[in-house]
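Trainee: Need coordinates for the following:
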Amino acid sequence: MNSKLLLMAVVAVAAADRRPYSYSAPEFSSEEFGPAHYNFDWAVQHSDSGNNFGHQEARDGDDTQGSYYVQLPDGRLQTVRFNVQGDSGFVPEISYEGEARYPDSFESFESRESRGYAPPRPVYG
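Mentor: Below you'll find the model as predicted:
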């Protein structure tokens, strides 16, 4: 019994000796890397499904400008143009092109595709 008590005391001392883990954020200066500078754009247009969306953005230092757009299910194209200058925050300008259309019966891309599917006929040799 004494050996168990001694073993538990040794384990307790070893566990108490561990130093608590500490984390600090990396230190760097924006002057080391210079001001941010990038320019990109991408787009997806798939006429069969009606998908039409994209994004464009450019940044030079604290000045960021760009836009993104999406074809809405009602047929309109929604475009968001935005800019960010320093600490001014995200300033959007939203616009719509086209007129909203609401068909009597909505038919999705998936339902149009599923009508054309037929399982293969078995072949016996």
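Trainee: so what's the residue nearest the centre of the chain closest to, chain neighbours aside?
Mentor: The central residue of the chain, meaning the one whose C-alpha is nearest the mean C-alpha position (Cα atoms, centre = their mean), is residue 55 at 12.1 Å. With Cβ to Cβ, 6 or more residues apart in numbering as the criterion, residue 55 has its nearest non-adjacent residue at 4.2 Å, and that residue is residue 68. Any C-beta I mention is one placed from the backbone N, CA and C, and that applies to glycine too.
Trainee: picking up where we left off before, which SS state does the residue nearest to the centre of the chain fall under?
Mentor: Three-state call for residue 55 (DSSP: H, G, I helix; E, B strand; the rest coil): strand.
Trainee: Residue 41 versus that one, what's the distance?
Mentor: Computed as Cβ to Cβ, to the nearest Å, the residue 55 to residue 41 distance reads 7 Å.
Trainee: now swap in residue 91 and tell me
Mentor: With Cβ to Cβ as the criterion, residue 91 and residue 41 are 20 Å apart.
Trainee: Checking my notes, the residue nearest to residue 55 in a strand, right?
Mentor: Yes - secondary structure of residue 68, determined by three-state DSSP: located in a strand.
Trainee: For this protein, give me the ranges with low pLDDT.
Mentor: Within the chain, the segments meeting pLDDT under 70 span 1-2, 10, 13-20, 29-32, 104-116.
Trainee: now the helices: where do they sit in it?
Mentor: Across the chain, reading from the start of the chain, the helices by DSSP state H fall at 2-17, 30-33, 109-115.
Trainee: just so I have it, where are all the strands in this structure?
Mentor: 37-46, 51-60, 63-71, 77-85, 91-97 (DSSP state E).
Trainee: Give the burial count for residue 85, as a bare number.
Mentor: 12 (other Cβ atoms under 10 Å).
Trainee: Just to check, it is in contact with residue 62?
Mentor: Yes - distance between residue 85 and residue 62: 6.4 Å, which falls inside the contact criterion (Cβ atoms under 8 Å).
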